[in-house]
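S.K.: dropping a prediction and its sequence here:
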Amino acid sequence: MSLLELKEITKRFGAISALQGVNLAIEAGEAVGLMGDNGAGKSTLMKIIAGNFPPTSGDIRIDGNLVSFNKPLDARNSGIEIVYQDLALCDNLTASANVFLGRELKKKIGPFSMLDYRGMNERAGELFTELKSETRPRDLVKQMSGGQRQAVAIARTRLSDPKLVLMDEPTAAISVRQVAEVLSLIKRLKDTGHAVVLVSHRMPDVFEVCDRVAVLRRGIKVADKSIDQTSTEEVTGLITGAVEAA
Amino acid sequence: MNNTTKKTSTGSDKQIDHAAIDASITQRQEVSAIGAIIRTQPFWVFVAILCIATVMTFVSDAFMTERNMFNITRNFAFFGIMALGMSAVICTAGIDLSVGSLLGLCAITLGLTMQSGWGIEMGFIVCMLTAAIVGFINGFLIAYLKMAPFVVTLGMLAMARSIAMVLSNNKMIYEFGPDMELFEWIGGESMLGVPNVVWLLIVMTLIFWWIWKYSTWGRWVVAIGGNAHAAKLAGIPVERMIVSVYVVCSMCTGLAAFMFIGYTGSATNGMGVSYELNVIAATVIGGANLMGGIVYAFGAAIGAALVELIRNSLLLAGIPALWQQFFVGLFLILAVLLEQIRNRGR
Ligand SMILES: Nc1ncnc2c1ncn2[C@@H]1O[C@H](COP(=O)(O)OP(=O)(O)OP(=O)(O)O)[C@@H](O)[C@H]1O
Ligand SMILES: [Mg+2]
C-alpha cells in the first residue's frame, strides 16, 4: 500500500487541459523527482495534492484511503506539507510570523492566551540554522533576498512531522551552500521514513536525492523510472519530446 | 534581546562555527525599539501635533486652557473610537464608507428604544445589535460574494441613512426614558477631569494595541492585508475573518454612537453625515495604508487628534470655518505623501 496514490488525475481550467490521466504512487521513505517543461502541469499536480483545488476527475488515496481535500488545511491535517513555487508569504510580516502563520504558538497569562513571540522566534531561528540560512526571524520578509524567502517557505514545512513533503522548485533562488542543505534535508526526510516530491529544473539535484523520476509533458506523464535505470540525457529528451516515452 | 544558548544538534557535520554565527544572526534585530517607533507614521503625526500646539499657544491665549483641552479631547474621542475600527477594515485593504450613516441609524434605534421606556441596558444592546447587523451584512457581501468594499459600503451608506429616516419618521428624539440621567452622564460627563468618552478611547486603544500585537485574530487580519491568498493557503479562515473585521468596525461606531447621543442629549437621523470622511482621514493620517497590511492602534487616536486639532486651531485663529475641510483634506494628502517619501527612503 502506497503512502500516496494518484489515479487518473485530470485537471481542466476552462479550455486548458493542464493534467490528463496522471497516475503516480509514492512510498514512504521515497523521493520522487517531478520534471517537465514550463507549463507541463507540475505545479498544478502539486496543488491538487496539497488541497488547493480538487481535480476535475480522478482519485487521491493516502495510505489506501480515498480522500478529497476541500482546502489546504485538510491536506495538512493528512500529513502533507508544501513549499509553493511562488512561496506564498506575507511580505508585511516577519520571517518567524510567516513560518508560524496559521499555527501560531501561544502562551497563557491568566485567562489570556497571547502570541508567544519568543518561542516562535527561537524555533524559527533553529529551523533557519538547520537550513544554514542567514535569515533573521525578526526581519520583515519584505526586505529579504530570494534565498531567504525560500528558506522561510521551507522552514514552514518543518513545524509538523508530515508524511509527505511537496517541494515546488525549492532551490530556484538559493546559493550553493543552501542547495546542499536543502538536498541534505531531503535525504534526512527519506531516512526518517518521510516521502518527498521534488519539482525542479535542475537535473543534478534530482539525480542526487531522488529514487525515481517522473516526467510530465503537456499534462501527460510520459515516464516514471528508477533513477538507476535512466540518465540525464534520456530525461532531457523526455522533457523536450525528443524521446517519446519511456 | 536575550542570551539563550541555541541548539546546535541538527545532525550534519561541522556545526560549531556556523552555529555560533547563526545564533548571533538569530538574535539580531534590524533596528532598536526607539528606532522602530521613529520609523512609524503615528510618531511623525504626533510630532506635527506638538508643533501645531506650540504655535497655537502663541496665536491664541484660549488654546492652552483646561476648557479647550477638555473640548478637543472629547471631540476627537468620538472619531478616534470609530477610527480604531476603521483601521482594522483598512488593514485588510477594505474600506467602510457606511460608518457615518450607521452612527445616525444607531442613534435612532437607541433613541427609540430608550424613549419607549426601556432601560439603558436595552438601549445599549439594541444600539450594538444594530451595528453588528449592519457590519455583518457588509462583511458577508464583501467576503463571501466577493463584492468590492467600496461599492457595498457605499450602498449601505445610502440604505442605513434611509432606514434611520424611516424609523424616526424624521423626528428628533430628546426623551430617553427612565435612565436618561445616567445615559447623559456616561456620554457627556467626566471622571478625574477627563471626559468619559476619552477614558473609553484610552481603554479601547489599549485593547486594540494588545489585539494587534498579541492576539491571533490581530495577526491574521494583518496577514490577510499583506497577502490574502497566502493567508488562505496557510489555513486562515479568510472569509470569516473579513466578516468579523467589518462587524468590529461597525461595533466601534455603535459604541461611539452610544456615547455621542448621551453627550448631545438628542438623536436625529441626520447625525454622522459625512463623518466617514473624517474617520477615514484620521485613520490614514494615523498611518493606515489603503493597500492593506499596516495597522497602528495609536495611529487611529493620533490621526483623529490631528483632525480635531486642525478644526480647533482654525476656529481659535479666527479663520472661517469654511476652511476646515480644506485643511483636513490637505493634511490627509500630506500624510500619504509623507508615507511615500519614507517608503522611498528604504
Ligand atoms: N489557475 C489557473 N487557471 C488557468 N490556467 C491555469 C491555472 N493554473 C495553471 N494553469 C495552466 O495550466 C498549465 C500548467 O501549469 P503549471 O503551473 O502546472 O505548470 P508547471 O509545470 O508548474 O510550469 P513551470 O515550470 O513554469 O512552473 C499551464 O498551461 C497554465 O497556464
Ligand atoms: Mg510550476
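M.R.: Structure's in. What do you need? Ligands and ions are numbered 1, 2, ... in the order given.
S.K.: which residues are in contact with the residue of the stretch 101-250 of chain B found nearest ligand 1?
M.R.: Closest residue of the stretch 101-250 of chain B to ligand 1, Cβ to the nearest ligand atom: B:His229 (11.3 Å). Quick note: C-beta positions are derived from backbone N, CA and C, even for glycine. Counting by Cβ atoms under 8 Å, 6 or more residues apart in numbering or on different chains, B:His229 touches A:Ala88.
S.K.: could you give the mean pLDDT of stretch A:216-235?
M.R.: For stretch A:216-235, mean pLDDT rounds to 88.
S.K.: can I get it in CSV, CA atoms only?
M.R.: The C-alpha trace of stretch A:216-235 is given here as CSV (Å, rounded to 0.1, in the frame of the first residue of the first chain):
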residue,chain,number,x,y,z
LEU,A,216,5.2,15.3,-17.4
ARG,A,217,4.8,16.6,-20.9
ARG,A,218,1.7,18.7,-21.7
GLY,A,219,-0.2,17.3,-18.8
ILE,A,220,0.6,13.6,-19.6
LYS,A,221,3.0,11.5,-17.6
VAL,A,222,5.5,10.2,-20.2
ALA,A,223,7.9,8.5,-17.9
ASP,A,224,8.3,7.1,-14.4
LYS,A,225,11.6,5.4,-13.9
SER,A,226,14.0,4.5,-11.2
ILE,A,227,17.0,6.8,-11.2
ASP,A,228,19.5,3.9,-11.8
GLN,A,229,17.7,3.0,-15.0
THR,A,230,17.8,6.3,-16.7
SER,A,231,20.2,9.1,-17.5
THR,A,232,20.2,12.9,-17.7
GLU,A,233,20.2,12.6,-21.5
GLU,A,234,17.1,10.4,-21.5
VAL,A,235,15.3,12.7,-19.1
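S.K.: tell me the buried residues in that stretch?
M.R.: A:216-217, A:219-225, A:227, A:230, A:234-235 (16 or more other Cβ atoms under 10 Å in any protein chain shown).
S.K.: distance of the residue of chain A most remote from its centre from A:Asp139?
M.R.: Distance to the chain centre peaks in chain A at A:Gly110, reaching 39.3 Å (criterion: Cα atoms, centre = their mean). Here A:Gly110 is placed at a distance of 32 Å from A:Asp139 (Cβ to Cβ, to the nearest Å).
S.K.: and what of B:Ser244?
M.R.: Distance, B:Ser244 to A:Asp139, using Cβ to Cβ: 29 Å.
S.K.: repeat for B:Ala158
M.R.: In terms of Cβ to Cβ, B:Ala158 sits 45 Å off from A:Asp139.
S.K.: name the residue in these two with the higher neighbour count.
M.R.: A:Asp139 (18 against 12; other Cβ atoms under 10 Å in any protein chain shown).
S.K.: can you report phi and psi for the more buried one?
M.R.: Backbone dihedrals for A:Asp139, given as degrees, to the nearest 10, come out at phi -80, psi 150.
S.K.: now do the strands in chain B.
M.R.: Remark: strands assigned in chain B by DSSP state E are B:190-191, B:194-195.
S.K.: if we can go back for a sec, can you add distance to A:Pro204 and secondary structure and give the buried residues of stretch A:216-235 back as CSV?
M.R.: Output for the buried residues of stretch A:216-235, formatted as CSV (distance: Cβ to Cβ, whole Å; DSSP: H, G, I helix; E, B strand; the rest coil):
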residue, distance to A:Pro204, secondary structure
A:Leu216, 20, strand
A:Arg217, 21, strand
A:Gly219, 26, coil
A:Ile220, 25, strand
A:Lys221, 22, strand
A:Val222, 21, strand
A:Ala223, 18, strand
A:Asp224, 20, strand
A:Lys225, 17, strand
A:Ile227, 12, helix
A:Thr230, 14, coil
A:Glu234, 15, helix
A:Val235, 11, helix
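S.K.: which two of those have the greatest separation?
M.R.: A:Gly219 and A:Ile227 (23.5 Å; Cβ to Cβ).
S.K.: per-residue pLDDT, the residue farthest from the centre of chain A?
M.R.: Looking at A:Gly110, the pLDDT reads 83.
S.K.: how close does it sit to chain B?
M.R.: From A:Gly110 over to chain B the distance is 13 Å, taken as Cβ to the nearest Cβ, to the nearest Å.
S.K.: next one: A:Ala242
M.R.: 36 Å.
S.K.: quick one: residues contacting that residue.
M.R.: A:Ala242 sits next to A:Thr236 when contact means Cβ under 8 Å, 6+ apart.
S.K.: that one should be in a strand, yeah?
M.R.: No. Assessed with DSSP: H, G, I helix; E, B strand; the rest coil, A:Ala242 is coil; it does not lie in a strand.
S.K.: around ligand 1, pick out the residues from chain A.
M.R.: A:Phe13, A:Ile16, A:Ala18, A:Gly36, A:Asn38, A:Gly39, A:Ala40, A:Gly41, A:Lys42, A:Ser43, A:Thr44, A:Gln85 (Cβ under 6 Å from any ligand atom).
S.K.: thank you kindly, that will do.
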